[in-house]
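J.: how would this look folded up:
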Amino acid sequence: MREQGGLEVTHLTMRFGGLVAVNDLSFSARGKEITAIIGPNGAGKTTVFNCLTGFYKPTVGELAFMGRDGRILLEQLDGFVIARHGLARTFQNIRLFPGMSVLENLLVAQHQPLMQASGFTLLGLFGARRYREAEKDAIELARQWLDRMELTHLADSPAGALPYGQQRKLEIARAMCTRPTMLCLDEPAAGLNPRETAELGILLKAIRDETGIGILLIEHDMGMVMGISDHIIVLDYGRKIADGTPLAVRSDPEVIKAYLGEEDDDELPPEIRAEISETAARA
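T.: The predicted structure follows:
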């Protein structure tokens with residue numbers, strides 16, 4: 001794992017008292033690829049994200065990340081330090097600053113470099129050249145992402161007043177303003193309509209291709225997952241049951257069983273049902 005943005009999870013276990021939420025999980029996520037973590041509700045997906053981003057300290061395991069300054073072990077760091085190394089995250093429930101403007105939300109994401117340039121307030125108060133240049137760069141980066149998300153015309157609007165789909169875009173833009181080497185997205189399509197979900201898939205592939213960063217996402221929309229992912233990990237009751245390409249994963253018997261639960265296939269995502277039908281027809 002030498003490529004910047006690469007992630008290697010080894011024997012990750014997370015226990016809450018007698019409950020094992022994640023059980024001996026190992027997987028890798030590469031830079032310049034989209035890796036999806038999928039599974040039924042309660043499979044342990046968000047717990048994995050919380051371990052990666054410092055919200056939880058794993059009971060067991062090593063979480064190695066190739067950040068801006070080389071290889072680091074995430075389980076040894078606090079969350080706010082992890083973000084500085086290039087691992088950015090969004091949440092299933094949108095966590096914007098609703099009273100701030102759209103532009104201000106993107107500038108807040110660049111708080112750390114701005115504070116450093118200000119000498120932690122003094123140079124900013126006196127308008128030092130170094131701070132003015134950093135502020136100019138921060139505004140330019142924010143405007144680039146506003147343009148990319150087609151939100152420029154809303155730059156001065158309160159973030160909380162945006163329609164839900166635009167708030168999702170703003171949250172991703174805010175994460176990108178931290179200049180991450182890996183972007184972790186927790187159910188980014190939650191609450192979006194089919195058109196918005198399709199647009200999100202196109203956007204995430206463009207971010208991967210244009211920036212070269214790795215994207216790690218949790219998602220329940222199997223149409224989007226199968227359409228954009230380079231690599232998929234499937235969890236069930238905290239353990240890994242499949243790991244591979246979309247083609248391999250969607251026809252894996254363990255995956256089919258996990259989604260079916262019983263013999264009734266109504267809960268199986270359409271893409272997996274179609275694959276079963278095609279396989280049966282060929283047989």
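J.: going forward, measure contacts between C-alpha atoms and count neighbours the same way
T.: Will do.
J.: Each with direction, which strands does whatever helix or strand Arg15 lives in pair with?
T.: Assigned by DSSP states H and E, Arg15 falls within strand 7-16. Sheet pairing of strand 7-16 (DSSP bridges) gives strand 19-29 (antiparallel), strand 60-67 (antiparallel).
J.: Using CSV, lay out those together with distance to Leu235.
T.: What follows is the strands paired with strand 7-16, written out as CSV (distance: least, CA to CA, whole Å):
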stretch, distance to Leu235
strand 19-29, 9
strand 60-67, 17
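J.: Minimum distance to Pro194: which of these has it?
T.: strand 19-29 (27.1 Å; CA to CA).
J.: Strand 19-29 and the helix or strand just after that closest one, what's the angle between them?
T.: Sequence-wise, the next helix or strand downstream of strand 19-29 (DSSP H and E) is strand 34-38. Computed by axes from the mean of the first three to the mean of the last three CA atoms, to 10 degrees, the angle separating strand 34-38 from strand 19-29 equals 160 degrees.
J.: Show me how far the strand holding Arg15 is from its chain's centre.
T.: Centroid separation between strand 7-16 and its chain, computed with CA atoms, centre = their mean, to the nearest Å, is 17 Å.
J.: Name the spans of the stretch 151-283 of the chain whose pLDDT lies under the cut-off.
T.: 260-283 (pLDDT under 70).
J.: could you pull out the strands for it?
T.: 182-186, 214-218, 231-236, 239-244 (DSSP state E, counting those that start in this stretch).
J.: In a markdown table: those, plus distance to Gln112.
T.: Converted to a markdown table, these look like this (distance: least, CA to CA, whole Å):
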| stretch | distance to Gln112 |
| --- | --- |
| strand 182-186 | 18 |
| strand 214-218 | 22 |
| strand 231-236 | 33 |
| strand 239-244 | 36 |
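J.: With distance to Arg174 and mean neighbour count as extra columns, can I get those in CSV?
T.: As requested, the strands of the stretch 151-283 of the chain are exported to CSV (distance: least, CA to CA, whole Å; neighbours: other CA atoms under 10 Å):
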stretch, distance to Arg174, mean neighbour count
strand 182-186, 11, 26
strand 214-218, 15, 26
strand 231-236, 25, 24
strand 239-244, 30, 19
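J.: among those strands, which is nearest Ala258?
T.: Per CA to CA, nearest to Ala258 of these: strand 231-236, 6.6 Å.
J.: That closest one pairs with which strands, parallel or anti?
T.: strand 34-38 (parallel), strand 239-244 (antiparallel).
J.: Would you convert these into CSV that also reports distance to Thr181?
T.: Output for the strands paired with strand 231-236, formatted as CSV (distance: least, CA to CA, whole Å):
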stretch, distance to Thr181
strand 34-38, 12
strand 239-244, 22
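J.: for those strands, which one sits closest to Ile139?
T.: strand 34-38 (28.1 Å).
J.: Mind checking the pLDDT average for the closest one?
T.: Strand 34-38 shows a mean pLDDT of 97.
J.: So what touches it?
T.: With contact meaning CA atoms under 8 Å, 6 or more residues apart in numbering, strand 34-38 is reached by 29, 45, 205, 208, 214-220, 225, 228-235.
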